[in-house]
Structure formats: C-alpha cells, structure tokens
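Undergrad: what shape does this take:
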Amino acid sequence: MRTHSAARVAAVLVGLEALAVFAIVAWQIAALAGGDTESATSAIALIVLTAAGGILLAAFAFAVWRGQSWGRSGGIVAQVLILAVALGAATGAYAHPTTGLALAIPAIVTFVALVLAARAARPDRDDSA
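TA: Numbers count the residues shown, from 1 in each chain. Below is the predicted model:
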C-alpha cells in the first residue's frame with residue numbers, strides 16, 4: 001500500500017502530539033516527586049492515564065505513517081477529544097481562552113491533515129458506471 005504525503009504530514013502531526021503528551025507525563029512525574037500534589041493516588045492515576053493517551057497517540061501516528069486506516073480513525077477521534085478539552089478550557093468558571101486556542105488550533109490542523117490522508121488513501125472509483 002502506497003502512503004501519500006498527506007499521510008506523512010498527518011503522521012508527523014499526531015506524533016508531535018504524542019511527544020507533547022509525554023512531556024506532560026514528565027511534568028506530572030516531576031510534580032509528584034516534588035510533592036506538588038494533594039493526593040499521590042490521584043496523581044499516579046492521572047500519570048497512568050496520560051501515559052496511556054500518549055502511547056495511543058504514538059500508535060496512531062505509526063499506523064498513519066504505514067497507511068493503516070485504524071490509525072487515521074483513531075487520530076480523528078483523538079482530535080475531536082482534544083477539541084472538547086479546548087472548548088472546556090476556553091469556557092466555564094476558570095476559563096482561559098488562550099489555552100483553549102493553543103489546544104484547538106493544532107487539533108484542527110491535524111484533523112484536516114488526517115481527513116486529507118483518508119481521502120488520499122481511497123482507491124480511485126469509476127463514477128461513470
């Protein structure tokens with residue numbers, strides 16, 4: 001299966017998101033080690049869940065690079081979830097619109113790249129029949 005350049009771009013973007021999530025895991029571990037958490041149990045659970053998200057994003061990036069459709073699907077779902085987090089960050093009692101934009105803009109760009117990769121992966125169809 002031939003992988004198009006749109007898929008390569010999408011894979012790199014999802015891979016960069018995975019690296020960002022792993023950086024958050026490192027920050028969470030540093031906060032836990034420094035005693036900057038109220039509940040060690042909750043902090044450990046959050047670290048595990050964040051690491052799982054990073055691993056999934058890395059798997060999606062690898063699959064998109066290889067041209068596998070499940071990676072594109074998973075990547076699109078991840079972008080929708082990131083957009084939901086961005087909306088939550090931009091609204092509510094403790095709103096930070098700048099943080100919401102910082103999350104939303106890369107998610108939208110990656111979403112578009114994943115959709116373009118999915119369109120490029122479609123086999124050519126003969127619509128005249």
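
Undergrad: so where do the strands sit in this structure?
TA: For the chain, applying DSSP state E gives no strands.

Undergrad: give me the low-pLDDT residue ranges for it?
TA: Residue ranges of the chain with pLDDT under 70: 1-3, 124-129.

Undergrad: rerun that using 90 as the cut-off
TA: Counting by pLDDT under 90, the chain has low-confidence residues at 1-4, 92-93, 120-129.

Undergrad: all the helices of it, residue numbers only.
TA: Using DSSP state H, the helices of the chain run over residues 5-33, 40-65, 69-90, 97-121.

Undergrad: now render those as JSON lines, adding mean neighbour count.
TA: For glycine as for every other residue, the C-beta is placed from the backbone atoms N, C-alpha and C. Converted to JSON lines, the helices of the chain look like this (neighbours: other Cβ atoms under 10 Å):
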{"stretch": "helix 5-33", "mean neighbour count": "17"}
{"stretch": "helix 40-65", "mean neighbour count": "17"}
{"stretch": "helix 69-90", "mean neighbour count": "17"}
{"stretch": "helix 97-121", "mean neighbour count": "17"}
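
Undergrad: in terms of contact, does Phe62 touch Gly71 like I think?
TA: Yes. Here Phe62 reaches Gly71: they are 7.0 Å apart, a contact under Cβ atoms under 8 Å.

Undergrad: anything in contact with each of these two?
TA: Shared contacts of Phe62 and Gly71 (Cβ atoms under 8 Å, 6 or more residues apart in numbering): Ala11.

Undergrad: what residues does stretch 17-37 touch?
TA: Residues contacting stretch 17-37 (Cβ under 8 Å, 6+ apart): 40, 43-44, 46-47, 50-51, 53-55, 57-58, 60-61, 78, 82, 106, 110.

Undergrad: at 10 Å instead, please
TA: Contact with stretch 17-37 is made by 40, 43-44, 46-62, 75, 78-79, 82, 106-107, 110, as judged by Cβ atoms under 10 Å, 6 or more residues apart in numbering.
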